[in-house]
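1. missing the sequence, but the structure's below:
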Ligand SMILES: Nc1ncnc2c1ncn2[C@@H]1O[C@H](COP(=O)(O)OP(=O)(O)OP(=O)(O)O)[C@@H](O)[C@H]1O
C-alpha cells in the first residue's frame with residue numbers, strides 16, 4: 001500500500017476495538033470470535049482507548065510499512081482522537097463506556113491539558129519477546145555434573161520475577177543432589193558445597209550482551225542480574241532475539257575432619273593444599289580468594305583453637321576466634337596453621353606484634369624476644385604471600401611489587417607447540433603473551449575464561465626507558481579513553497621486569513590483511529571500512545591534540561633525557577602491526593584500535609645504529625618498522641609524520657579490501673624493486689628521492705634526502721591507478737565514488753611536504769563525511785534488499801550491520817569503559833557489553 005494511503009487510514013486498535021479502517025460501520029477486520037461475545041475486559045482504559053480510531057503519525061506509518069508486524073504502543077492526545085476518530089458504530093458491546101460524569105470545571109481543565117493516553121495494541125506481536133530461552137550450566141569442582149544435572153534449558157517469561165524463583169529452585173535442587181551424592185561416600189561426611197563463581201550473560205543472534213558476576217544465587221539476585229542484563233541488551237539491540245546463559249561453578253570443602261586426619265588442624269592444612277591454584281606465570285602458588293574465604297571463617301579458627309587451647313592468651317576459643325576476625329587477621333592465622341605453627345605463636349604475632357592481613361610480618365626483622373618467633377616468621381614468610389594474591393583492578397596505574405608478591409595471573413599453554421606460554425607477539429623490548437586471571441581476583445569481566453595480553457619489558461638499559469615512555473603515554477591515554485585506542489588495564493614492576501596488562505586483541509592488522517580475505521565490497525563493508533579508518537584518525541587526533549603536561553618521567557627512577565625524545569602527542573610508530581583488531585563476535589568485521597605507544601623508542605635509537613637496525617629488520621621481517629616512515633625521516637618529525645604512516649596503512653588496507661588477493665605482496669615487492677639501494681639493501685618506503693636530487697645525494701643516499709626532493713615511489717602511483725581503474729568498474733556508487741574519494745584523501749596525506757598534509761582533525765572531518773554517506777547508502781541498499789522486489793546486488797552480511805553496533809557499544813564499553821571505571825570494591829557489578837577481546841570457551 002502506498003504510504004499516503006496509509007496515513008489516516010491505518011489504525012491500531014485493541015482486540016475489543018472497532019474496525020481499524022476509518023470507514024464507519026461494523027468492523028471488517030475484527031478478529032473472528034463468537035458473535036456478540038463481550039470483550040474480555042470491557043470498559044478498562046485499554047478497552048476505552050481501543051474503541052477509538054488511532055491514526056498513525058508519519059513516522060509510525062513508515063515504520064509500519066517497513067516492519068509490518070511491529071506492534072504498537074501508540075500515544076495519542078485524547079482530544080485529537082475525539083476530533084479525528086469516527087464515532088463508533090459498532091455493536092453495543094463494542095461501544096466505549098460512557099465517560100464518567102465529572103464536574104465541568106475538571107472537564108474543561110482536562111481538555112486544556114490535552115492529556116495523553118496510551119493505546120496498547122495486543123493482537124500484533126510484540127517487539128520485546130515475552131519469553132526467552134534460559135540456559136543454565138552448573139559445574140562442581142571444575143567438572144560438569146551429569147548432563148541431566150548441569151545443562152538445562154528453560155523457556156522463561158523473563159520479565160516475571162517468579163520465573164527466577166523457579167530457576168533458583170532448579171539450581172538448589174541440583175546443588176542438594178550433588179551434596180547428597182558426595183556424602184554417600186563416608187569419606188566425604190562433613191563436606192560443604194559453596195559457589196566458586198557465577199555469571200549471567202545475554203547472548204544475542206549477532207551480539208553478546210552484558211555480563212554480570214553472580215556471587216550469590218539467591219532468587220532475587222538472579223532476577224536482578226537477568227532482568228538488568230536483558231534490558232541492557234534490548235536497549236542496544238532491540239530487534240535481536242536473545243537467550244540468557246547462567247553459569248554457576250561450585251566447589252566443595254571439608255569442614256569436619258575424618259578419622260584419617262586425626263586432627264582438625266591437619267584437615268585444614270590438607271584442604272588448603274588441595275585448593276592451592278596451579279602456579280601462576282611466575283611459578284608461584286596461591287590460594288584463590290574464593291577458597292580462602294571459606295577457610296578463614298571464625299568457626300574454623302575456633303575449632304583449631306579448641307583442639308589446641310592456647311596457654312597465654314586466654315582459654316576461650318570462641319572469644320579468641322572472634323577477636324582474630326575483628327582484628328582482620330584470620331588469613332594470617334590460617335597461614336600460620338598451614339605452616340604448622342603453634343597456636344600460641346600465631347596468637348603472639350597477632351596480639352603481641354599486632355600483625356594482621358594488611359600489616360604482615362616483614363622479612364629481616366629478627367628482634368623478637370619470644371623464643372622461636374624470628375625463626376618461625378622466617379619460615380612463614382616463604383609461603384605467606386600465597387594467601388594474599390593481589391586483586392587486579394583496572395586502575396591504569398603502575399605498582400611496585402615486592403619480590404614474593406603474587407599476581408593471580410596464569411600462562412596459557414600453547415597446545416600447538418607444547419610451550420608453557422602462548423606468545424601473541426614479540427616486540428623490540430619484550431614479549432606479549434596470552435594470560436588468564438583467577439576469576440575471584442578481578443572484576444574486569446564476568447567471564448571467567450576471558451584472556452588478557454601481558455606485555456613484559458626487562459629492566460635493562462633502553463628497555464626500561466622504553467617501558468617508562470610507553471607507560472607515561474598510556475597513563476595519559478587512560479584518562480582520555482578512546483574507542484579506537486588500546487588502553488591498558490594496569491601495570492606493575494617486579495623482580496626487575498615491567499609488565500603492562502591489556503585486553504587481548506584477536507590479532508593485529510598485519511596478520512589480518514596477510515592471512516584473511518577481504519570481506520568484499522558490499523555497501524555495509526565499505527561503511528565498516530570507513531568507520532574503522534575514521535576511528536583510527538579520530539584516535540590519532542585525540543593523541544595529537546593531547547597537550548603536554550608536566551613531564552611524565554618525573555616519577556620514574558631513571559631519568560630519561562627528554563631532549564632525545566618526543567613529547568606527548570605523537571604516535572610515530574603507526575604500522576599495521578601496531579593496530580590491533582577486536583572481534584566482538586568471532587568471524588565478524590573487527591574494530592581497529594591503535595596500540596603500542598612507545599613512540600619515544602624511535603628516538604632512543606642512536607643514529608649510528610639506524611643502518612644496522614634496518615638491515616636486521618630486512619632479514620627478520622618482510623615488512624619492517626620503517627616502511628611507513630615519511631620522507632622527512634631524517635628531519636624533525638612532527639605530527640604529519642603520523643599522517644603519512646596512517647595513509648600508508650589506509651592504502652594497504654584499501655588494496656587488500658578492493659583488489660584480488662596477492663596484490664599486497666606484489667605492491668611490497670614492487671616498492672622494494674624500486675629501492676635505490678643506496679645503503680646496500682632494499683627499502684620499501686612509499687617514497688623515493690627525486691632522481692635529480694638522488695644523483696647529488698652521494699653516500700647519504702635516501703636517508704640523507706631532503707623531504708622536498710622526494711617523490712612518491714612509482715609503485716605507489718601505479719597502485720593508485722590500478723585501484724582507480726578497478727573502482728571505476730564498480731556498478732555501485734558506494735564503492736566507485738566513496739572509495740574513489742578515499743583514494744583522493746589518501747593521496748593528499750602523501751604530500752611530500754609535511755605541512756601540506758591534512759591534520760588529523762581535517763582527516764577526521766573528511767572521513768566523517770565519507771562514513772556518513774556510506775552508511776546512508778548502505779542502509780538504503782539494505783532497505784531495498786529487504787523490501788520484496790528490491791535489488792539484491794549487495795551481499796549484506798549481518799555482521800556488518802552489527803559491527804556498527806559494536807563500534808557504538810565499544811565506544812561506551814571500552815572507550816569509556818564505564819564498567820571498568822566503577823569501583824571494583826563493589827562485588828555485584830553488572831557489566832555492560834564487554835570490550836572486544838578474545839574469549840576461550
Ligand atoms: N593487547 C594485545 N592483544 C593481542 N596481541 C597483542 C597485544 N598487544 C600486542 N600484541 C601483539 O604483540 C605484538 C608486539 O606488541 P607491541 O607492538 O606492543 O610490542 P613492541 O615491543 O612495542 O613492538 P615493536 O617494537 O615492534 O613496535 C603486536 O604486533 C601484536 O601482534
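-> Yep, that arrived. Quantities reported herein were computed from a predicted structural model and do not represent experimental measurements.
2. tell me the SS of residue 155?
-> strand (DSSP: H, G, I helix; E, B strand; the rest coil).
3. surely it meets residue 133?
-> Yes: between residue 155 and residue 133 a contact is recorded at 6.2 Å, counting by Cβ atoms under 8 Å. Heads up, the C-betas are built off the backbone N, CA and C, glycines and all.
4. of these two, give the one with the bigger neighbour count.
-> residue 133 (16 against 12; other Cβ atoms under 10 Å).
5. so in the chain, which helix runs the longest?
-> The single longest helix within the chain, with elements called by DSSP state H, is helix 760-786.
6. elements contacting that helix?
-> helix 523-544, helix 639-658, helix 740-749, helix 798-810 (3 or more Cβ pairs under 8 Å, 6 or more residues apart in numbering; DSSP states H and E).
7. can you put these in JSON lines and add mean neighbour count?
-> Formatted as JSON lines, those follow (neighbours: other Cβ atoms under 10 Å):
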{"stretch": "helix 523-544", "mean neighbour count": "25"}
{"stretch": "helix 639-658", "mean neighbour count": "23"}
{"stretch": "helix 740-749", "mean neighbour count": "18"}
{"stretch": "helix 798-810", "mean neighbour count": "21"}
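8. and of those, who's closest to the ligand?
-> Evaluated over the helices and strands packed on helix 760-786, closeness to the ligand peaks at helix 639-658, with 12.3 Å, by Cβ to the nearest ligand atom.
9. could you give the average pLDDT over the closest one?
-> If you average the pLDDT over helix 639-658, you get 95.
10. elements contacting it?
-> Against helix 639-658 (3+ Cβ pairs under 8 Å, 6+ apart) you get helix 509-515, helix 523-544, helix 663-673, helix 714-728, helix 740-749, helix 760-786.
11. quick one, the last one and helix 639-658 angle?
-> Relative orientation of helix 760-786 versus helix 639-658 (axes from the mean of the first three to the mean of the last three Cα atoms, to 10 degrees): 20 degrees.
12. check which residues of stretch 395-413 are buried.
-> 396, 398, 404, 405, 406, 407, 408, 409, 410, 411, 412 (16 or more other Cβ atoms under 10 Å).
13. what's the end-to-end length of that stretch?
-> Using Cα to Cα, to the nearest Å, the end-to-end distance of stretch 395-413 comes out at 28 Å.
14. give me the number of residues near the residue lying closest to residue 291 once chain neighbours are set aside?
-> Of all residues not flanking residue 291 in the chain, residue 275 sits nearest, at 3.9 Å (Cβ to Cβ, 6 or more residues apart in numbering). By other Cβ under 10 Å, 16 other residues sit near residue 275.
15. now do residue 418
-> Residues near residue 418, counting by other Cβ under 10 Å: 7.
16. pLDDT score for it?
-> 89.
17. so where's the stretch 401-550 of the chain shaky on pLDDT?
-> Applying pLDDT under 70 to the stretch 401-550 of the chain flags residues 446, 461, 546-550.
18. contact residues of it facing the ligand?
-> Counting by Cβ under 6 Å from any ligand atom, the stretch 401-550 of the chain comes close to the ligand at 424-425, 427-429, 432, 453, 455, 486, 502, 504-505, 508.
19. per-residue confidence at the residue nearest to residue 747 when sequence neighbours are not counted?
-> Once flanking residues are discounted, residue 747 sits nearest to residue 720: 6.7 Å by Cβ to Cβ, 6+ apart. pLDDT for residue 720: 95.
20. residue 608 now?
-> In this model, residue 608 is scored at 41, pLDDT.
21. neighbours of residue 332, how many?
-> Residue 332 - counted by other Cβ under 10 Å - has 26 other residues nearby.
22. where does the prediction get shaky in the stretch 201-350 of the chain?
-> Ranges of the stretch 201-350 of the chain meeting pLDDT under 70: 257-262.
23. burial count for the residue in it that the ligand sits nearest to?
-> At 15.7 Å from the ligand, residue 281 is the closest residue in the stretch 201-350 of the chain, using Cβ to the nearest ligand atom. A count of neighbours around residue 281, defined by other Cβ under 10 Å, yields 19.
24. which one is it nearest to, not counting chain neighbours?
-> residue 411 (4.6 Å).
25. then residue 142?
-> Distances taken as Cβ to Cβ, 6+ apart put residue 249 closest to residue 142, at 7.4 Å, once the chain neighbours are dropped.
26. quick one: closest of the helices and strands packed on helix 760-786 to residue 313.
-> Nearest to residue 313 among the helices and strands packed on helix 760-786 is helix 798-810; the distance by Cβ to Cβ comes to 56.6 Å.
27. tell me the secondary structure of residue 681, please.
-> With three-state DSSP as the criterion, residue 681 reads coil.
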